[in-house]
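**Q** just coords:
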C-alpha cells in the first residue's frame, strides 16, 4: 500500500508538472506576436525562447492550439507551431486542453469552368468529399480570386472565352509556385498535355467525367503533393533558422571567450570596466552601456564606466538599491528584459534621457564568496538602444547574464590581487619604518617625506590620482637603500665592503646596489609600476636626463622631481620643531636649483614648507 501511495504521489507530481501555465502561455504568445511568421518546434520553443521544462511548454502549446490561438502541424513526427492569423474571438475560443480536430487531406479548391452545369457538378462532388470549394465562371474571375484568397488547388477547364485554362495555370504558378493545378478538357491531345505539364500542371483529366474516382484520386494526390512540398519547405526553413541560431550561439560563445581573454589579465578595475562596457556594446550592437557598482555592498550605486552616455547628471547621479529600474534589479538580483518600456510596468520609473528605442536589458552583478556560502550584490550592467532599432531578445539577455558572471569573477580576482598586493605593500612599508626607527636621525623619515610630497604636489596643481601614486612612491622610496644597506652590512660583517654601507641607509645616497634592490623588491607588484618609475627617476639630477640605472629616456617626471626635493629637505631638516634647520635646508636646495633640483618644485616647497612642517610636527606628537 505504501508503495502504491508513493507511485500515486509521483504520478500526481508528473501530471501537475505538465499542466499548462498561464505565464508561459503569455511568453509564448508574446514571442509569436513579435515574430509573426515564425514556425517552431516544441523543442525549439522550450530551449531557445521560453527556457522552461519541455513537457510544461508542450502542454501549454497544446492548450493554445486547442483554444484556436496557434496553428499546429506534425511533420516527420515533430510538432510545429505558428501563430494563427485569424484567431477566434474570446467567446468562441476553446477552453479545454487537448488537440483540436484535424481533417487530413482536405483542401481549399477553386473550380474554373465556363459551363455552369459542369462547374456546379464538380463543386458539388468535391464538396461532398469534404473540401472547401469555390467557383469561377471565367478565367479572369479565377485569376482575381487566386490573387485575393489562399487556395491549395485549382481545377480549371482548358478552353474558355477570354483567358484560357493555360493562362489561368500560368497566373496561378506565378502567384504561388506551390499551388497545384489540374486541367480538365474535352479536347485532350498529346500537344495539349505536354503544354499543360510544361507550365506546371499536376494532371490533365478528360471530359466527360464518367469516372469520378479519377477526379477524386487526382485531387487527393495533388493536395498530398502540396502538403509534402509545404512540409519540406517548412523543414528547410526550420533547418536554416536553426543554422542561424547555431551560428549566433557560436558567435556569442566566441564573444564570451574573447571578453574573458581580454579581461582575465586586467587587475586595474578602471581598465577592466572600460574594456567591458566597450566589448559589451560591440557584441550586443548597443549604443549605451553602463556599469553601476556599490561599495562594500552599500545601498548606493554609482556609474563606474559607460559607453554612449555623456550627461553629467546621469553619470554622477547615485542610484539607491530598490529605487528606479536599476535599483530594483539590484535588489531583486534578477535580470530584466524590456522590449518596450512604454508597454511595461517600468514606464512610470523612467528617469528621462534621450533614447532611440524603448528596449533595454539590466542584469545584476553578484560575487560568490567561498567558505561564507553567500552571494554579495556588487551592482548592475545596463544595456539600451540597439543600433538596428529592434528590441533586445532573450538570447541577448542570456549573453549579458553570462557576461555579468565573468564581470563578477574579474572583479573578485582584481579585489583579491589588490588585497594581496596591499598586504605585500604593508609589509614593505613596515620593514622600512622599522629600519628607520632603529636610528634616531632617520626615525619617521619616509612618513615625513610622504606628507610633504602631497602638500607640494597639491600646490603645483597635480590631480588627486597622481598625488596618490606619488605618495605611494614616497612611502616606498627607501626600500632599495634599506635593502642595499643590509646587503652591504652583511658584506662588512664578513670582513669586506664596510665603506659601501656608509652612505647607503635611509636618507643616504643612491648606489647601483640600492637601485637594483628597489627593482627586485617592487617589480613583483604590477600596480606599483608607476610608483617604481617615480622612485628610480628621483635619483636623476634635474639637469641630467640619463638615469644611474641605465635609462636613457629624456626628461624626468614631475613626481620624481618633487620626491627628490622633498627627500633632500627632510633629510637636511629632520627636526620639525627647528625652524632654523628648515631655513638652512631651503637655502641649500635653492643653491642646487637648476642642477640637481627643479626650480619650480623648490618654489612650491618654499610656499608650503612652513605650514607642512607645523602640520607634521603636530602629527608626530
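**A** On my side now, so go ahead. Quick caveat, the model's predicted, so the values are computed rather than measured.
**Q** Strands along the stretch 301-450 of the chain, start to end?
**A** Secondary structure of the stretch 301-450 of the chain, counting by DSSP state E, counting those that start in this stretch: strands at 319-320, 336-338, 360-369, 374-386.
**Q** tell me the contacts of residue 196?
**A** When contacts are counted by C-beta atoms under 8 Å, 6 or more residues apart in numbering, residue 196 is found next to 158, 165-166, 169, 183, 204. Any C-beta I mention is one placed from the backbone N, CA and C, and that applies to glycine too.
**Q** hmm, back to that, which stretch in the strands of the stretch 301-450 of the chain is the model least sure about?
**A** Ranked on mean pLDDT, the bottom entry among the strands of the stretch 301-450 of the chain is strand 360-369, at a mean of 64.
**Q** what lines up beside the helix or strand residue 135 falls within in the sheet?
**A** Using DSSP states H and E, the element containing residue 135 is strand 132-136. In the sheet, strand 132-136 lines up against strand 108-112 (parallel) (DSSP bridges).
**Q** Can you name the element that comes right after the partner strand?
**A** Note on strand 108-112: by DSSP H and E, the next helix or strand toward the C-terminus is helix 116-128.
**Q** Tell me the buried residues in that next one?
**A** Using 16 or more other C-beta atoms under 10 Å as the test for burial, helix 116-128 gives 118-119, 122-123, 125-126.
**Q** Tell me where the stretch 1-150 of the chain has strands.
**A** With DSSP E, counting those that start in this stretch as the criterion, the stretch 1-150 of the chain has strands spanning 39-41, 70-75, 78-83, 108-112, 132-136.
**Q** just for the stretch 401-550 of the chain, where's the confidence low?
**A** Low-confidence segments of the stretch 401-550 of the chain, defined by pLDDT under 70: 441, 482-512, 526, 544-550.
**Q** switch the cut-off to 80
**A** Low-confidence segments of the stretch 401-550 of the chain (pLDDT under 80): 401-429, 431-443, 477-528, 539, 543-550.
**Q** that older thread, buried subset of the contacts of residue 196 as a ChimeraX selection?
**A** Per 16+ other C-beta under 10 Å, the buried members of the contacts of residue 196 correspond to this ChimeraX selection:
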select :158,165,166,169,183,204
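**Q** Report how many residues lie close to residue 315.
**A** Residue 315 is flanked by 13 other residues according to other C-beta atoms under 10 Å.
**Q** any idea how far it is from residue 579?
**A** Going from residue 315 to residue 579 by C-beta to C-beta, to the nearest Å gives 47 Å.
**Q** What ranges does the stretch 101-250 of the chain have for its helices?
**A** 116-128, 139-148, 165-175, 190-198, 212-264 (DSSP state H, counting those that start in this stretch).
**Q** Out of those helices, which is the most enclosed?
**A** When these are scored by mean count of other C-beta atoms under 10 Å, the highest mean neighbour count falls to helix 165-175 (a mean of 20).
**Q** which helices and strands sit right next to that one?
**A** With contacts taken as 3 or more C-beta pairs under 8 Å, 6 or more residues apart in numbering; DSSP states H and E, helix 165-175 sits against helix 139-148, strand 153-157, strand 180-185, helix 190-198.
**Q** So what's the gap between it and the chain middle?
**A** Relative to its parent chain, helix 165-175 has a centroid offset of 51 Å by C-alpha atoms, centre = their mean, to the nearest Å.
**Q** That one to helix 139-148, inter-axis angle?
**A** Orientation check (axes from the mean of the first three to the mean of the last three C-alpha atoms, to 10 degrees): helix 165-175 against helix 139-148 gives 10 degrees.
**Q** Can you give the contact residues for helix 165-175?
**A** Contacts for helix 165-175 (C-beta under 8 Å, 6+ apart): 112, 139, 142-143, 146-147, 154, 156-159, 163, 179, 181, 183-185, 195-196, 199-201.
**Q** rerun at 6 Å
**A** Contacts to helix 165-175, defined as C-beta atoms under 6 Å, 6 or more residues apart in numbering, come from residues 112, 139, 142-143, 146-147, 154, 156-158, 179, 181, 183, 199-201.
**Q** Most widely separated two among those residues?
**A** 147 and 158 (20.8 Å; C-beta to C-beta).
**Q** buried set for stretch 404-422?
**A** By neighbour count on 16+ other C-beta under 10 Å, the buried set for stretch 404-422 is 404, 406-408, 410-414, 421.
**Q** Quick one: residues contacting residue 319.
**A** The contact partners of residue 319, by C-beta under 6 Å, 6+ apart, come to 292, 301, 326-327.
**Q** out of those, which one sits closest to residue 335?
**A** Nearest to residue 335 among the contacts of residue 319: residue 326, at 11.7 Å, using C-beta to C-beta.
**Q** Could you double-check that that closest one sits in contact with residue 380?
**A** Yes. Between residue 326 and residue 380 there is a contact under C-beta atoms under 6 Å: 5.1 Å.
**Q** neighbour-wise, which of those two wins?
**A** Using other C-beta under 10 Å, the more surrounded residue of residue 326 and residue 380 is residue 380, with 28 against 25.
**Q** ranges for the helices of the stretch 351-500 of the chain?
**A** For the stretch 351-500 of the chain, helices defined by DSSP H, counting those that start in this stretch occupy the ranges 394-437, 445-459, 464-476, 479-493.
**Q** So the nearest residue in space to residue 177 that is not next to it in sequence versus residue 236, what's the distance?
**A** Nearest non-adjacent residue to residue 177, counting by C-beta to C-beta, 6 or more residues apart in numbering: residue 200, 7.7 Å away. Separation of residue 200 from residue 236 (C-beta to C-beta) stands at 20 Å.
**Q** looking at the helices and strands packed on helix 165-175, which is closest to residue 254?
**A** Closest to residue 254 of the helices and strands packed on helix 165-175 is strand 180-185 (C-beta to C-beta; 45.3 Å).
**Q** got the angle between that closest one and strand 153-157?
**A** Using the same axes, to 10 degrees: strand 180-185 against strand 153-157 is 20 degrees.
**Q** Now do strand 180-185 against helix 116-128, angle only.
**A** Angle of strand 180-185 versus helix 116-128, following the same axes, to 10 degrees, is 140 degrees.
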